[in-house]
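Participant: With the sequence up front, the predicted model follows.
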Amino acid sequence: MNRRNLHGLPVKAPRLPAFCALEQTATIAETLRNMFRIGMDLGGTKIEGIVLDAQGKELFRKRIATEREHGYRHILNRVKGLYGELAAHIKNAPHTFGIGAPGVVSPRTGLMKNSNTVCMIGQPVKADLENLLGRKIEIQNDANCFAMAEALLGAGRGKKLVFGVIMGTGCGGGIVHNGEVLVGPQGIAGEWGHMSIDPNGPKCYCGQLGCVETFISGGGLEARYAEQFGIKKPLREIEQEFYAGEPDAVAFMKIFFRHFGRAIANLIDILDPDIVVLGGGVSKFDALYTDGIAEVAKFVFSDSLETPIVKHQIGDSAGVIGAALIGV
Ligand SMILES: [Zn+2]
């Protein structure tokens, strides 16, 4: 098949894995029958690698320290070392390789941006790794990898358009359509966490005021609680107080559900996805799936809300599994 990947490079391996529930041709299934997938989650403190077989089953996994204090070149060599071990595990049989990392490789410049591993910002990470490894690779941000894992193997399996939402320390998101991640010319498709929903809201690290992230991420919620009540509390504790009917926590969460409703309804209005899958620490808060969804229904531009909004199924491994799935 004459396909190109999201950076315009020719792709030999088809993007739809054999285990994908979407329609596929016999040719794709045939090509992937012997295709292993290697994925790597490149974090600030650890690098996790995984090998999947063509059915998406995990064969091998290993974690090493990133050792970012030794700088950019050292990190690349850490990736190379781990990649060698993973490939050796399948005796270097043909495989795809994808990396998930915080941050975005700019489709325009090829340089890494928005990364929390500061020494990687402004570096041509993809090109450098391709030179070092002597092969093509794909790099996507970790929210896109989460969305891919959930779309193909998790809660969004069999759905055409999946919006994966991460509500963790910050808010990220990824869009998967027909088994492929939508990236966009600036590499920011799905970055719903930095839509402003209140021009008079709190200042976000990105420079804007009232971003979704400042209201409904774990970090944002804890900061807003501390501002409002003058006391710092972990989100879990505020949740317990909410369930116990403590009035401050109930009032606080009411505002949270309102912001959640507004933010999710905005993205449903634009994309009308087949499903929204929630991940990250905040997604464990069960009231989101009742009170939170009721607020979404109030704001969405439709007489009824039909979009399923569900908890993730793959959980903590979604980043590394998604990295394996986006590989080329
Ligand atoms: Zn922001």
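Facilitator: Noted; the coordinates are in hand. Numbering: from 1, shown residues only.
Participant: switch to C-alpha atoms for all contacts and neighbour counts from now on
Facilitator: Noted.
Participant: quick one, domains of this structure?
Facilitator: By the assignment in automatic domain parsing, the chain contains the domains 3-151, 157-312.
Participant: Out of those domains, the one nearest the ion is which?
Facilitator: When the domains of the chain are compared for distance to the ion using C-alpha to the ion, the nearest one is domain 157-312, at 4.0 Å.
Participant: mind listing what the nearest residue to residue 272 once chain neighbours are set aside touches?
Facilitator: Distance criterion C-alpha to C-alpha, 6 or more residues apart in numbering; nearest residue to residue 272, sequence neighbours excluded, is residue 307 at 7.7 Å. With contact taken as C-alpha atoms under 8 Å, 6 or more residues apart in numbering, residue 307 is in contact with 268, 272-276.
Participant: Tell me which of these fall in helices.
Facilitator: residue 268 (DSSP state H).
Participant: Rebuild the contacts of residue 307 as TSV, extending it with pLDDT and distance to the ion.
Facilitator: Shown next, in TSV, are the contacts of residue 307 (pLDDT from 0 to 100; distance: C-alpha to the ion, whole Å):
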residue	pLDDT	distance to the ion
268	97	20
272	97	23
273	98	23
274	98	26
275	98	24
276	98	21
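Participant: Ranking by neighbours, what's the top pick from the contacts of residue 307?
Facilitator: residue 276 (26 neighbours; other C-alpha atoms under 10 Å).
Participant: Please name the bridge partners of that one.
Facilitator: In this entry, residue 276 is beta-bridged to residue 163, residue 309, by DSSP bridges.
Participant: That one touches residue 296, doesn't it?
Facilitator: No: between residue 276 and residue 296 there is no contact under C-alpha atoms under 8 Å: 11.7 Å.
Participant: re earlier: JSON lines for the domains of the chain, including distance to residue 322?
Facilitator: Below are these laid out as JSON lines (distance: least, C-alpha to C-alpha, whole Å):
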{"stretch": "domain 3-151", "distance to residue 322": "4"}
{"stretch": "domain 157-312", "distance to residue 322": "10"}
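Participant: Ok, which of those domains comes nearest residue 327?
Facilitator: Across the domains of the chain, residue 327 has its closest neighbour in domain 3-151 (3.7 Å, C-alpha to C-alpha).
Participant: how distant is that closest one from the center of its chain?
Facilitator: 14 Å (C-alpha atoms, centre = their mean, to the nearest Å).
Participant: Near the ion, which residues of the stretch 51-200 of the chain are found?
Facilitator: Residues of the stretch 51-200 of the chain lying close to the ion by C-alpha under 5 Å from the ion are residue 194.
Participant: Quick one: low-confidence residue ranges for the stretch 51-200 of the chain.
Facilitator: Counting by pLDDT under 70, the stretch 51-200 of the chain contains no low-confidence segment.
Participant: again, only using 90
Facilitator: 54-56, 102-110, 112-121, 142, 169-170, 185-188 (pLDDT under 90).
Participant: could you pull out the strands for it?
Facilitator: Listed in chain order, the strands of the stretch 51-200 of the chain (DSSP state E, counting those that start in this stretch) span 58-65, 95-101, 104-105, 112-113, 138-141, 161-167, 171-177, 180-182.
Participant: Could you dump those strands into JSON lines and include mean neighbour count and distance to residue 209?
Facilitator: Shown next, in JSON lines, are the strands of the stretch 51-200 of the chain (neighbours: other C-alpha atoms under 10 Å; distance: least, C-alpha to C-alpha, whole Å):
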{"stretch": "strand 58-65", "mean neighbour count": "14", "distance to residue 209": "35"}
{"stretch": "strand 95-101", "mean neighbour count": "26", "distance to residue 209": "26"}
{"stretch": "strand 104-105", "mean neighbour count": "26", "distance to residue 209": "22"}
{"stretch": "strand 112-113", "mean neighbour count": "22", "distance to residue 209": "21"}
{"stretch": "strand 138-141", "mean neighbour count": "26", "distance to residue 209": "24"}
{"stretch": "strand 161-167", "mean neighbour count": "27", "distance to residue 209": "18"}
{"stretch": "strand 171-177", "mean neighbour count": "25", "distance to residue 209": "15"}
{"stretch": "strand 180-182", "mean neighbour count": "21", "distance to residue 209": "26"}
